[in-house]
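> Give me the fold of what follows.
(chains A, B, C and D)
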2 protein chains.
Amino acid sequence: MTESSPTARERIVAGAADMISRRGLNATSIRETAKHARAPLGSTYHYFPDGKQQLATEAVRYTGEWVARSLRKELEAGPVAGLQAFLALWRGIVVDSDFRAGCPVLAVSIEEPPTDETPTALAAAAEVFAKWESLLADSLCEHGAEPQQAAQLATLIVAAVEGTVAMCRAQRSAQPLDHTAEQLQALILAATKT
Amino acid sequence: MTESSPTARERIVAGAADMISRRGLNATSIRETAKHARAPLGSTYHYFPDGKQQLATEAVRYTGEWVARSLRKELEAGPVAGLQAFLALWRGIVVDSDFRAGCPVLAVSIEEPPTDETPTALAAAAEVFAKWESLLADSLCEHGAEPQQAAQLATLIVAAVEGTVAMCRAQRSAQPLDHTAEQLQALILAATKT
DNA sequence: CACTGGCTATAACGGCCGTCATAGTCTAGC
DNA sequence: GCTAGACTATGACGGCCGTTATAGCCAGTG
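Predicted coordinates:
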């Protein structure tokens, strides 16, 4: 049963992603990520010798790939199906956590970088957003949207969903997701109808 | 010159809003907000006896009213003008800070509340979002949009702008704001054209 | 003048932080 | 069996946190 249960390393990364999505990067301590994953603190620095930045970077990428995988699969049935899967995924996270969890990529994006240079976790967040956008934009193009319109609409979709998830947390209600879902769906239909 | 320069209390609140918008609520310390406002630490607990939560709550409301004021004024020239002002306001914050600052209301919204009850700062964030939405929705209705459509579109606008600001910070570029601006503007025109 | 009340200054409290070092344990391969 | 290397356990380091306490300053009022 080497593969049936995730490795300690995977547990740490997944747990860190969850904790970052709840409390933000700065408020997520390595000690607590280790405890949450039932791993000793020493192991964390064994697996992630570059410390917190490396762990955060891997957590962002982990979430990015997990979402991208779902998006890629559902987009085979068209952009509307992809949007619905994207929305359903975040709705599940928000509602199941009783409005306590959100998107770790967003959380990393809104933490000020140190004065000198861009931390790797922030760069990873930018790449994840770009990846989600390009998956959506490609699907829109394949279904008849103009390339420029597709790119703009893809940005709007990602931004709107991220913002809506945050609003749901503040209001402790999933209603904003309903509003956003309906508006974005109509937009996709209009853009691909040509 | 009692009114020409803001009071120490106002400086603390405004500075706290800025710092929260950059680093998040948990990573903003009362010590640093005091130092940033050139106020002693003791004064902070004099003005805000309920501590950090009270300061955060006032910072959120301060930002909320500042934005609402701008929104109310520009919406007199119609919803498209209001949208443009809303976008320009956030673009200024993001670009002028070299992509280091964003929206403190969003930052407060994505920090996990303690187990027991909803902190006042989070409740204030929900109210601020609701206020911005209602200002936009009312304007859309006045210009011929259906009420339900107006409410949904207002949610989309606020969520999309908040999300776009975060994406701009991650990518260190204002291009997402251009995309979002164009898409939202077209949406408003379509919804008010009836 | 005294004095009161808003504000400041300073220090302390326990607690958690990121990181590092070191020694111990386990396991796979020879 | 034995050794190497992956992992664990434990504790320490300096530093910042939210909050409180206490004493001092200094305007304005009587």
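
> Got the phi and psi for A:E117?
Backbone torsions of A:E117, given as degrees, to the nearest 10, read phi -140, psi 170.

> Tell me the pLDDT of it.
Here the pLDDT value assigned to A:E117 is 79.

> and what of A:Q171?
At A:Q171, the model reports a pLDDT of 97.

> how many other residues sit next to it?
Neighbours of A:Q171 under the rule other CB atoms under 10 Å in any protein chain shown: 20. Just so you know, the C-beta spots here come from the backbone N, C-alpha and C atoms, and that holds for glycine as well.

> Which residue comes closest to it once chain neighbours are left out?
B:A126 (4.4 Å; CB to CB, 6 or more residues apart in numbering or on different chains).

> and the gap between A:F86 and DNA strand C?
30 Å (CB to the nearest atom of the strand, to the nearest Å).

> How many residues are close by that residue?
23.

> is it true that it touches A:I157?
Yes - contact between A:F86 and A:I157 holds when scored by CB atoms under 8 Å: they sit 7.4 Å apart.

> picking that back up, the residue nearest to A:Q171 and A:C168 touch, don't they?
No - assessed by CB under 8 Å, B:A126 is found out of contact with A:C168, at 9.8 Å.

> Between those two, which is the more surrounded one?
The residue with more neighbours, out of B:A126 and A:C168, is A:C168; 25 against 21, by other CB under 10 Å.

> Now do the more buried one, the pLDDT please.
Residue-level pLDDT assigned to A:C168 equals 98.

> Quickly find the element holding it.
helix A:147-171 (DSSP states H and E).

> Buried residues, that helix. List them.
Neighbour counts over helix A:147-171 (16 or more other CB atoms under 10 Å in any protein chain shown) mark A:149-171 as buried.

> Check which helices and strands the helix or strand bottoming out on mean pLDDT in chain A is in contact with.
Scoring the helices and strands of chain A by mean pLDDT, DSSP states H and E places helix A:41-47 at the bottom, with a mean of 90. Contact here means 3 or more CB pairs under 8 Å, 6 or more residues apart in numbering or on different chains; DSSP states H and E; on that basis helix A:41-47 packs against helix A:8-23, helix A:30-36.

> Go through the ones you listed and pick out the most buried.
Most buried of the helices and strands packed on helix A:41-47, by mean neighbour count (mean count of other CB atoms under 10 Å in any protein chain shown): helix A:8-23, with a mean of 22.

> which residues sit against that one?
Residues outside helix A:8-23 that contact it (CB atoms under 8 Å, 6 or more residues apart in numbering or on different chains): A:6, A:28, A:32-34, A:36-39, A:43-44, A:47-48, A:55-56, A:58-60, A:62-63, A:93, A:97, A:100-104, A:107-108, B:26, B:111-112.

> Buried ones among those residues?
If we count by 16+ other CB under 10 Å, the contacts of helix A:8-23 have these buried: A:28, A:33-34, A:36-37, A:39, A:44, A:47-48, A:55-56, A:58-60, A:62-63, A:93, A:100-104, A:107-108, B:26, B:111-112.

> Kindly report the residues of chain A close to DNA strand D.
Contact residues, chain A versus DNA strand D (CB under 7 Å from any atom of the strand): A:A8, A:A39, A:P40, A:L41, A:G42, A:S43, A:H46, A:Y47.

> Now do the third one, the pLDDT please.
On the pLDDT scale, A:P40 is placed at 88.

> so who does it touch?
A:A34.

> how much space between it and A:P49?
Noted for A:P40: a distance of 15 Å to A:P49, by CB to CB, to the nearest Å.

> cool, and A:G102?
29 Å.

> quick revisit: so what's the residue nearest to A:Q171 up against?
B:A126 makes contact with A:A170, A:Q171, A:R172, B:S109 under the criterion CB under 8 Å, 6+ apart.

> Name the nearest of those relative to DNA strand D.
Closest approach between the contacts of B:A126 and DNA strand D, by CB to the nearest atom of the strand: B:S109, at 18.3 Å.
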